[in-house]
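Asks: no FASTA, just this:
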């Protein structure tokens, strides 16, 4: 059994019979050597299994790591499968790649940002992390921070006006004070359960997308003169079909049955459409449904979904651009109401 020798800059220079500076220049400052000299040294290093000076050590000395941590709102496994989050991440990656910066995905369920804080140049935080402690740590960390869709008062942030968007899409669904409304919320509560919500804490609406959207829905409901039952708001812990189907079935089998569903994501709204049609209900004649996000599946559903389209990839690019440019302001992006035939 053979063992691979661990080379250092000094030991490889001794092996090749050249100075440390010569080896370093071959890797980092090619203009300091002739092309042949450099190629000979690189070829010899490759043959011996040495691939350059320790980048981690260099980064520690310089205090620059060319890496940005993207703190996600939930687990990496869940977020990479979410169509909205994946578009956002694509936008971030496109900008960072152009800037020759690396992207590190960091779970919003992790214990502490300290696990990576010493090895990144800063953080882009996409949504309020499931572990609330991470948001508190990001308020104090001595690195650049750009927040997306929530605010920790670090100045640099990107969002849309979630309250206004929710209000406007709800106005499209509501038609009469006699409407019976169900709100299918996303992460209104800090729980992994799909359940009804009876006691809402709306004191920190600037820090939660879900609560901002709920405020918009409630404003539209109040203006229409609709009475919202105290058992007509559901919490769904993740934007996926399995969790949403539980809430959709329960709501559709409630008495009296809701005829308007305000859904905090398109995936939730699509579950309502599917469950309603499985029960023989017609959309929008029997049940009116609106979503939020503007995913591609919503345009292909039958009927097409009425929703709020947010430019998630553009949002990702903007967040990365603000990080690169050391921005210290809040940016509110536009959105679009897309009229389908679900309400």
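Replies: Cool, the structure landed. It should be emphasised that the depicted structure is a prediction, and the values quoted were computed from it without experimental measurement. Numbers count the residues shown, from 1 in each chain.

Asks: How many residues are close by residue 192?
Replies: Counted with other CB atoms under 10 Å, residues neighbouring residue 192 total 9. Where you see a C-beta, it was placed from the backbone N, CA and C, and this is true even at glycine.

Asks: dump the residue contacts of the closest residue in space to it that isn't next to it in sequence.
Replies: Spatial nearest neighbour of residue 192, chain neighbours left out: residue 237 (4.9 Å); criterion: CB to CB, 6 or more residues apart in numbering. Shown in contact with residue 237 (CB atoms under 8 Å, 6 or more residues apart in numbering): 187, 191-194, 243.

Asks: Now which of those would you call buried?
Replies: Neighbour counting with 16 or more other CB atoms under 10 Å marks 187, 194, 243 as buried within the contacts of residue 237.

Asks: quick revisit: can you list which of the contacts of residue 237 are found in helices?
Replies: Among the contacts of residue 237, the residues falling in helices (DSSP state H) are residue 243.

Asks: And the contacts of residue 237, which is closest to residue 249?
Replies: Nearest to residue 249 among those, counting by CB to CB, is residue 194 at 10.2 Å.

Asks: Can you give the distance of the helix or strand containing residue 87 from its chain's centre?
Replies: Under the criterion of DSSP states H and E, residue 87 resides in helix 83-98. Mean-position distance between helix 83-98 and its chain equals 10 Å (CA atoms, centre = their mean, to the nearest Å).

Asks: Does anything pack onto the helix or strand that that helix is followed by? Which helices or strands?
Replies: The first helix or strand that comes after helix 83-98 along the chain, using DSSP H and E, is strand 102-106. Under the contact criterion of 3 or more CB pairs under 8 Å, 6 or more residues apart in numbering; DSSP states H and E, strand 102-106 touches strand 67-72, helix 76-81, helix 83-98.

Asks: any idea which of the ones you listed is most buried?
Replies: strand 67-72 (a mean of 24; mean count of other CB atoms under 10 Å).

Asks: still on that earlier bit, residues touching the helix holding residue 87, excluding its own?
Replies: Here helix 83-98 has contacts from 68, 70, 72-73, 79-80, 102-103, 105, 124, 126, 148, 239, 265, 267, 293, 295-297, 310, 312-321, 324, using CB under 8 Å, 6+ apart.

Asks: 7 Å instead?
Replies: With CB atoms under 7 Å, 6 or more residues apart in numbering as the test, helix 83-98 has contacts from 68, 70, 79-80, 103, 124, 126, 293, 295, 312-317, 319-321, 324.

Asks: Please apply the same query to stretch 224-236.
Replies: Residues from elsewhere that reach stretch 224-236, judged by CB under 7 Å, 6+ apart: 174, 177, 179, 181-186, 188-189, 191, 194-198, 221, 243-244, 247, 251, 258, 268.

Asks: Please spell out the PyMOL selection for the buried subset of these.
Replies: Here is the PyMOL command that selects the buried residues among these (16+ other CB under 10 Å):
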select buried, resi 174+179+181+182+183+184+185+186+188+189+194+197+221+243+244+247+251+258+268
